[in-house]
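Student: From the sequence below, what's the structure:
(2 chains)
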Amino acid sequence: MSIARDRKPGVIRVAGLSHAYVLPLVLIVAWELSTRLGLVNTRLLVPPTRVLAAAWRELQQGGIVAPLAASLGRDLGGAALGSLLGVLVGSIMGVSRRWEHVLGPSFHAAKQVAIFAWIPLMSVWLGTGELAKVVFIALSAFYPVALNTFEGVRSVSPAHVEVARVFSFTRAQVFRRVVLPGAAPSIATGVKLGLVYAWLGTIGAEYLLAAAPGIGNLMIDGRESFQMDKVLLGVIIVGAVGFAISALATSLETRLLRWRA
Amino acid sequence: MVQAISAYKLDETGRGIASARARWRLPSSAGRYALGTLLPLGLLGLWALAAERAWAPAQILPPPRLVLGTIIELVSSGELLNNYLISLGRVAGGFAVGATLGALLGGAMGLSPRLEKYLFPSFNALSQVPVLGWLPLAMMVFGIGESLKIVIIAQASLVPVAVNVLGGIRRVPAQYLEVARVFELTRGQLLRRVVLPATVPSLFVGVRYGLTLGWLSLVTVELLASSEGLGFLIVWGRQLFQLDLVLAAIVSVGVVGLLLDKGLALLEARLLRWRPEASWGGGKAAAS
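Tutor: Here you go, the predicted model:
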C-alpha cells in the first residue's frame, strides 16, 4: 500500500502542476457543454463564458473595483483595530496572572457566542453603517489575536526573563525586549488567523447590515435580481481575496520573523 | 480550544514572567473565581444602573431583570427548547453529511497519491472561498428552506474534516508502516490496525473545527433566511425591537457554543484514552 507522506502541499502543487489542471478543465468544459446543449437550467447554472462576460462587463462599469476597495478597506481597518486590541488584551492576560483571572473567564465566555449572533445587537447600538461593520470585523479578528498573544507571552522562556532580570531590566524593558520578541511567532499566527476571520466577518457584515458598496452586497444584489453570473463572480472574488490575504500574511510572517532563524 | 492546553502546561513555564512580580501573591482558587466574577458583576451593575437611571431608552438598553424574565419565560414556555432542537437538529444533520463526505474524501486522497494529485489542487482552490461566500449561490440553488441549512453546514464541516484526515494519513509515522511490513499485514489489516488508529486524533481536530464552523455558519444562515431556530429568534427580537429577547437568544447561542466546546473536549479525552500520551493531556494538545 502506498501512502503519500513527507510531502508538503506546496511541493505537490509544483510537482503536479499539470495534474492540477485536469479536473478543473474537465469540469469547466462539461459545465459549458451542458449549458450549451440545454441539459441544465441555464437560469440556475450559467455557462462559464457568461461569468467571464459578466466579469468584463462589471469591470468596465466599475462594478468590481469600487466594491472591492470598499470591502478591503473595512476589512483591513477592522482587522488592524481588532489585532491591536487583541495584542493588548492578550499581553495583559499573559503577563499578569491577576489580570488573567479577572479578564479570562469573561473573555472565554464571550468567545462561546457564535460571532455573527452579535450583529443584530450591534445594529441597535451602533447603527447599520460603516461603524458597526468595522467594529464587528474588529471583533472577529480580536479573539484569535488575543488568544494567540496570550499563549505566546505565556510560552516565553523563564530563563530569558531571568537573564533580563539579572541585567536589571525594568519591567517595560523586559516586556519590550524579551517577552514581545519571544511571543512574536505566536502573535504572527494570531494575526494571520485574525485576517482570515476578519475577511469572513466582512462578508457576513455586508450580508447582514444595511447595504453599502462591497463584494458581499454585489452577491446579495446578484441573488435578488437572480443574476447567477454576478453571484458566481462574487464567489470567485471572495475566494481569491481570501487566498491573497492569507498568502500575503504568510510571506509577511516569514519575512518579519527571519531574524529568529 | 487552545486555552485548554495552556491551562496545564503553562503553570510551570509561565511562572518565569509571573514571578517577576513575586510580591503579588498567587490567589487561591476561591479567590481566583472571585476575581473572575469582578468584570461580569461590574458590567451587570453598570447595566442595571444605566437602565434604572434611564441613561439610554429601555428599548435600546432593557434592564437586566427584564432579560432574565424573558429567559425564564422562553424556557418555561418551551419556545427556547423548541428553537434549540431545531438548530441542533440542523447541525446534527448537516454535520453528519459533511463529516462523512469529508472523511471519505480526505481518506481517499490520503490513500491514493494519484487521486490526491488530481483532486487536491481543485479541492484546495475551492476551499479558499469562505463558507459564507457560497451562501448567496446556495440560496439561489437550494432556496431558503431546510436543505439550504443542511448544505451550508455540510459544506462548512466537510473541508476541515477532509483536510485533517488527509494530513493525519500523511503523518502516520514511518516506523509504524515498517513494523506493519515486517509483520506482513494485508492492506485491510494495515488500514484498520495502523492507519485508522493513527489518524483518529487528527480526525478529531477536523471534527472540532468542522462542528465549530458549522455552528457559526448555521447561526448566520438563520439570521439571514429562516423562520425558526436560535438565529431566527435573535432577528425576530431585533425586528420587534425587543432587545431583551435578542440578548436572551444571544446567551442561548453562547450556551450551545459552550456545550459543543466542552462536550467535544470530553469526548475526545475519552476516545483517545488508549493512547499513552492521552492521559497526559496529549489528546488535548492534538486539538490545538
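Student: which stretches of the chain have low pLDDT?
Tutor: Picking chain A for this. A:1-17, A:261 (pLDDT under 70).
Student: wait, I meant chain B there
Tutor: In chain B (pLDDT under 70), the answer is B:1-27, B:275-288.
Student: what are the ranges of the helices in it?
Tutor: With DSSP state H as the criterion, chain B has helices at B:3-13, B:15-18, B:29-52, B:64-77, B:79-111, B:113-126, B:135-142, B:146-170, B:174-182, B:187-189, B:196-224, B:230-239, B:243-271, B:282-286.
Student: Redo those as CSV? Include distance to A:Y197 and mean neighbour count.
Tutor: Using the backbone N, CA and C atoms, a C-beta is placed for each residue, glycine as well. Shown next, in CSV, are those (distance: least, Cβ to Cβ, whole Å; neighbours: other Cβ atoms under 10 Å in any protein chain shown):
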stretch, distance to A:Y197, mean neighbour count
helix B:3-13, 17, 15
helix B:15-18, 27, 21
helix B:29-52, 24, 13
helix B:64-77, 28, 15
helix B:79-111, 20, 20
helix B:113-126, 20, 18
helix B:135-142, 16, 21
helix B:146-170, 14, 24
helix B:174-182, 36, 12
helix B:187-189, 41, 10
helix B:196-224, 10, 23
helix B:230-239, 19, 22
helix B:243-271, 15, 19
helix B:282-286, 22, 19
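Student: Tell me the residue of the stretch 51-200 of chain A that sits nearest chain B?
Tutor: A:P158 (2.2 Å; Cβ to the nearest Cβ).
Student: What's the local residue count around that residue?
Tutor: The tally of other residues near A:P158 (other Cβ atoms under 10 Å in any protein chain shown) stands at 16.
Student: one step back: looking at the helices of chain B, which is nearest to A:L208?
Tutor: For the helices of chain B, the distance to A:L208 is smallest for helix B:196-224, at 6.0 Å, taking Cβ to Cβ.
Student: how many degrees apart are that closest one and helix B:79-111 in direction?
Tutor: Orientation check (axes from the mean of the first three to the mean of the last three Cα atoms, to 10 degrees): helix B:196-224 against helix B:79-111 gives 140 degrees.
Student: quick one on the thing from earlier: now the helices of chain B in a markdown table, with distance to A:F116?
Tutor: Formatted as a markdown table, those follow (distance: least, Cβ to Cβ, whole Å):
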| stretch | distance to A:F116 |
| --- | --- |
| helix B:3-13 | 22 |
| helix B:15-18 | 35 |
| helix B:29-52 | 22 |
| helix B:64-77 | 20 |
| helix B:79-111 | 13 |
| helix B:113-126 | 22 |
| helix B:135-142 | 11 |
| helix B:146-170 | 13 |
| helix B:174-182 | 42 |
| helix B:187-189 | 45 |
| helix B:196-224 | 4 |
| helix B:230-239 | 8 |
| helix B:243-271 | 9 |
| helix B:282-286 | 27 |
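Student: out of those, which comes closest to chain A?
Tutor: Chain A lies closest to helix B:15-18 among the helices of chain B, at 2.2 Å (Cβ to the nearest Cβ).
Student: which SS class is A:V40?
Tutor: Secondary structure state of A:V40, per DSSP: H, G, I helix; E, B strand; the rest coil, is coil.
Student: For burial, what's the neighbour tally of it?
Tutor: 13.
Student: What residues does the stretch 51-200 of chain B have near chain A?
Tutor: B:60, B:109-113, B:116-122, B:124-126, B:128-137, B:139-141, B:169-172, B:174, B:177, B:187, B:190-191, B:195 (Cβ under 8 Å from any Cβ of the partner chain).
Student: change it to 7 Å
Tutor: B:60, B:110-111, B:113, B:116-122, B:128-130, B:132-134, B:136-137, B:139-141, B:169-170, B:172, B:177, B:187, B:190 (Cβ under 7 Å from any Cβ of the partner chain).
Student: What separation do you get for the residue of chain A positioned farthest from its centre and A:V178?
Tutor: Relative to the mean C-alpha coordinate of chain A, counting by Cα atoms, centre = their mean, the farthest residue is A:V166 (41.3 Å). A:V166 sits 12 Å away from A:V178, going by Cβ to Cβ, to the nearest Å.
Student: next one: B:F120
Tutor: As judged by Cβ to Cβ, B:F120 and A:V178 stand 42 Å apart.
Student: Please apply the same query to A:V124.
Tutor: Taking Cβ to Cβ, one finds A:V124 at 44 Å from A:V178.
Student: Likewise for A:F107?
Tutor: With distances taken as Cβ to Cβ, A:F107 is found 24 Å from A:V178.
Student: likewise B:G31?
Tutor: 29 Å.
Student: What ranges does chain A have for its helices?
Tutor: Going by DSSP H, chain A shows helices at A:9-15, A:17-36, A:48-60, A:65-95, A:97-111, A:119-126, A:130-154, A:158-166, A:171-173, A:180-208, A:215-224, A:228-256.
Student: okay, those in JSON lines with distance to B:I153 next?
Tutor: What follows is those, written out as JSON lines (distance: least, Cβ to Cβ, whole Å):
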{"stretch": "helix A:9-15", "distance to B:I153": "26"}
{"stretch": "helix A:17-36", "distance to B:I153": "24"}
{"stretch": "helix A:48-60", "distance to B:I153": "26"}
{"stretch": "helix A:65-95", "distance to B:I153": "25"}
{"stretch": "helix A:97-111", "distance to B:I153": "20"}
{"stretch": "helix A:119-126", "distance to B:I153": "19"}
{"stretch": "helix A:130-154", "distance to B:I153": "20"}
{"stretch": "helix A:158-166", "distance to B:I153": "44"}
{"stretch": "helix A:171-173", "distance to B:I153": "48"}
{"stretch": "helix A:180-208", "distance to B:I153": "15"}
{"stretch": "helix A:215-224", "distance to B:I153": "20"}
{"stretch": "helix A:228-256", "distance to B:I153": "18"}
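Student: Nearest to the spatial middle of chain A, which residue is it?
Tutor: With distances taken as Cα atoms, centre = their mean, A:V196 lies nearest the centre of chain A, 1.5 Å away.
Student: so who does that residue touch?
Tutor: Applying Cβ atoms under 7 Å, 6 or more residues apart in numbering or on different chains, we find A:V196 in contact with A:S246.
Student: quick one: it and A:I245, what's the gap?
Tutor: 7 Å.
Student: Next: A:T202.
Tutor: The gap separating A:T202 from A:I245 is 10 Å, by Cβ to Cβ.
Student: Which of the two has more residues huddled nearby?
Tutor: Applying other Cβ under 10 Å to A:T202 and A:I245 shows that A:T202 carries more neighbours, namely 33 against 20.
Student: In this structure that one contacts A:G73, no?
Tutor: No: in this structure, A:T202 is not within contact of A:G73 by Cβ atoms under 7 Å, at 9.7 Å.
Student: gap between B:L243 and B:T220?
Tutor: Distance from B:L243 to B:T220, by Cβ to Cβ: 20 Å.
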